[in-house]
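Asker: Sequence and computational prediction follow.
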Amino acid sequence: MDPDFSISIKNANIFQREQLILSNVTFDIKSGEFVYLLGKVGSGKSSLIRTLNAELPLYAGEAIVAGYRLETIKNHDVPFLRRKLGVVFQDFRLLTDRDVYKNLHFVLKATGWTDENAMKERINHMLQEVGMPRVTKKMPHQLSGGEQQRVVIARALLNNPEIILADEPTGNLDPETSVEIIELFRKIHSEGKTILMATHDKLVVDKYPLRTLVCNNGAIAENGQNGEVLDFRSLVD
C-alpha cells in the first residue's frame, strides 16, 4: 500500500445483501485527509462505510484500508483492521444496560486490554478529550443526543485508530449541536487522523467546506470533477 493513502479503492462494486448499491467505485483518501461523503438517504453512503469496515464483504474490485486488502481479508484479520478504525454511528449504538464507563471498558476488553489501571486512565483521558469528563457513571438515557455522540466519538478513539469513519454523525442532532460535533471532528483531524464523514447535513458542508465525494445514481464521483460542481440540494432533498 502507498503510505500516502489511508484508503484506496478501485473499480469496486458495493452490495447490500444481494443488491448492487454502488458500481465501479474508485477513489483515494490521503493519510491525514478529511473528506465528506455526500448523498441522499439510501444513496449508498452507509453501505460503503460498512464495506470499508469489513462489515459487508467486497465481492468485486479492490480496496485497501489501513494496509488491509478487503477483497482477500481473512476473518481472523478483521478485528486487527477494526483496531485501526474508529467508527461513529448516527444512532450511537451505546449499550443501554450499562453506564458510560462500562460502555468504554467493554470496548477495551474486547480489543485485548487487560490492565485495569491502564483502561481507567485511557477512558478518563478520552472522555476529557471530547469534553465529557464527568459522565462515567451516567447511563446513556441520561445524556442528550449531543452528549451521547461525544461519548461515541470517545469510544471510536479509544484504540488510537488511524482512520475515523463517521456515518451521519450529526443526523439526529439539532443545528447548534451539529456544529459543536463538527468542531470536535476538526480538532481530531488537526491531531493527524484521517476522517471520512458521510453526511447530508447542508449546514455542516456549507460552514466547513472540504473535499467531497458524492453518492448519486448508483455511483460515486468527485464533486467538481471535470469542472462541474453538483448542486447540494439536488443530492439531499
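Answerer: Sure, I can see it. Predicted, not measured: the structure shown is a model, and the values here were computed from it.
Asker: Show me what the residue most central in space within the chain is bridged to.
Answerer: A centroid search over the chain (Cα atoms, centre = their mean) returns residue 165, at 1.7 Å, as the residue closest to the centre. For residue 165, the beta-bridge partners under DSSP bridges are residue 87, residue 196.
Asker: Quick one: residues contacting it.
Answerer: Shown in contact with residue 165 (Cβ atoms under 8 Å, 6 or more residues apart in numbering): 49, 52, 53, 85, 86, 87, 88, 196. In this view, the C-beta of every residue, glycine as well, is placed from N, C-alpha and C.
Asker: try residue 30
Answerer: 4, 5, 6, 194.
Asker: Rank those residues by pLDDT and give me only the lowest.
Answerer: Among the contacts of residue 30, residue 4 carries the weakest pLDDT, at 83.
Asker: Touching, that one and residue 33? I think so.
Answerer: No: look at residue 4 against residue 33 with Cβ atoms under 8 Å: they stay out of range, at 9.8 Å.
Asker: between the two, who's got more neighbours?
Answerer: Comparing residue 4 with residue 33 by other Cβ atoms under 10 Å, the one with more neighbours is residue 33, at 18 against 11.
Asker: Phi and psi next, for that one.
Answerer: Dihedral pair for residue 33: phi -90, psi 150, per degrees, to the nearest 10.
Asker: Now do the same for it: its pLDDT.
Answerer: pLDDT, residue 33: 97.
Asker: same check, this time on residue 108
Answerer: At residue 108, pLDDT is 96.
Asker: OK, contacts around the closest residue to it other than its chain neighbours?
Answerer: The shortest distance from residue 108 to any non-neighbouring residue, by Cβ to Cβ, 6 or more residues apart in numbering, is to residue 119 (4.8 Å). Listed by Cβ under 8 Å, 6+ apart, the contact set of residue 119 reads 105, 108, 109, 113.
Asker: what's the spacing between the top helix by length along the chain and its chain's center?
Answerer: If you go by DSSP state H, the chain has its longest helix at helix 175-190. Relative to its chain's centre, helix 175-190 lies at 13 Å (Cα atoms, centre = their mean, to the nearest Å).
Asker: Packing partners of it?
Answerer: Taking 3 or more Cβ pairs under 8 Å, 6 or more residues apart in numbering; DSSP states H and E as contact, the helices and strands that helix 175-190 lies on are strand 34-38, helix 145-157, strand 163-167, strand 194-199, helix 202-207.
Asker: between those, which one is nearest to residue 173?
Answerer: For residue 173, the closest of the helices and strands packed on helix 175-190 is helix 145-157, at 5.3 Å, according to Cβ to Cβ.
Asker: angle of the closest one against helix 175-190?
Answerer: Angle between the axes of helix 145-157 and helix 175-190 is 20 degrees (criterion: axes from the mean of the first three to the mean of the last three Cα atoms, to 10 degrees).
Asker: Can you name the residues in contact with helix 145-157?
Answerer: The contact list for helix 145-157 (Cβ under 8 Å, 6+ apart) reads 86-89, 92-94, 100, 103-104, 107, 123, 126-127, 129-132, 135, 140, 143, 164, 169-170, 172-174, 177, 180-181, 184-185, 188.
Asker: Fine by me, we can end here.
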